[in-house]
Structure formats: structure tokens, C-alpha cells
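> Got a predicted structure here, sequence first:
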Amino acid sequence: MTGIATRTCTHSNGWTHTGGEATCASCGVRRFTDYRAVRPPGLAQVVTAPRKATAVTDRAAAEWVMMRTRRRGWGPGG
């Protein structure tokens, strides 16, 4: 049974509990009672970016900061 959530139901007629979910007896809203992480077993694979890619993105980030702060160059005096 799939219920439709309504703003007027106070869920006061009680709940039916079965297999990790509770269902409102009045409107049929379902609440899940057994929460846990939804992910596959084991650790995730480690992904590292190539050194060239990290250098390019670091440079792009530095240029973005310079543009936003109106600096003209890389040195201390800019």
C-alpha cells in the first residue's frame, strides 16, 4: 500500500510495524525505521589525479584568486 502524505493527518490512529518500516493506519504514510549507510561493502577505490592535472588546476585556482583580488602577478608585490 502506498500512501499519500496529507497535511491534515496527525497519524493518531496508530502505526503498523513490519520489516523495518512503519505505516500510518489513517493515511498510509510510510516511515523507515532501520537506517544505515547505503553503500557497497568494502572500501572505496583510491583515485589520484596525475601530477600534471593537479598542477594545471592549482595554477587555474591561483589565477582565479588573483582575478578576484585584482592582483597583477605572482610575487609579493603583485
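Cool, the structure landed. Everything quoted here is computed from the prediction, not taken from an experiment. Residues are numbered from 1 along each chain as shown.
> Could you confirm residue 53 falls within a strand?
No. The assignment for residue 53, made by DSSP: H, G, I helix; E, B strand; the rest coil, is helix rather than a strand.
> What about residue 54, how many residues nearby?
Around residue 54 sit 11 other residues, with neighbours defined as other CB atoms under 10 Å. (Each C-beta comes from the backbone N, C-alpha and C, glycine too.)
> check contacts around it.
Shown in contact with residue 54 (CB atoms under 8 Å, 6 or more residues apart in numbering): no residues.
> send the alpha carbons of the host helix or strand of residue 59 over as CSV?
In this assignment (DSSP states H and E), residue 59 forms part of helix 51-69. These are the backbone C-alpha positions of helix 51-69, laid out as CSV (Å, rounded to 0.1, in the frame of the first residue of the first chain):
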residue,chain,number,x,y,z
ARG,A,51,50.7,15.3,-11.3
LYS,A,52,50.2,17.4,-14.5
ALA,A,53,46.5,17.6,-13.9
THR,A,54,46.9,18.8,-10.3
ALA,A,55,49.5,21.4,-11.4
VAL,A,56,47.1,22.8,-14.0
THR,A,57,44.2,23.0,-11.6
ASP,A,58,46.4,24.6,-8.9
ARG,A,59,47.5,27.3,-11.4
ALA,A,60,43.9,27.9,-12.5
ALA,A,61,42.8,28.3,-8.9
ALA,A,62,45.6,30.8,-8.2
GLU,A,63,44.7,32.8,-11.3
TRP,A,64,41.1,32.9,-10.2
VAL,A,65,42.1,34.2,-6.8
MET,A,66,44.3,36.9,-8.4
MET,A,67,41.5,38.0,-10.7
ARG,A,68,39.1,38.3,-7.8
THR,A,69,41.6,40.2,-5.6
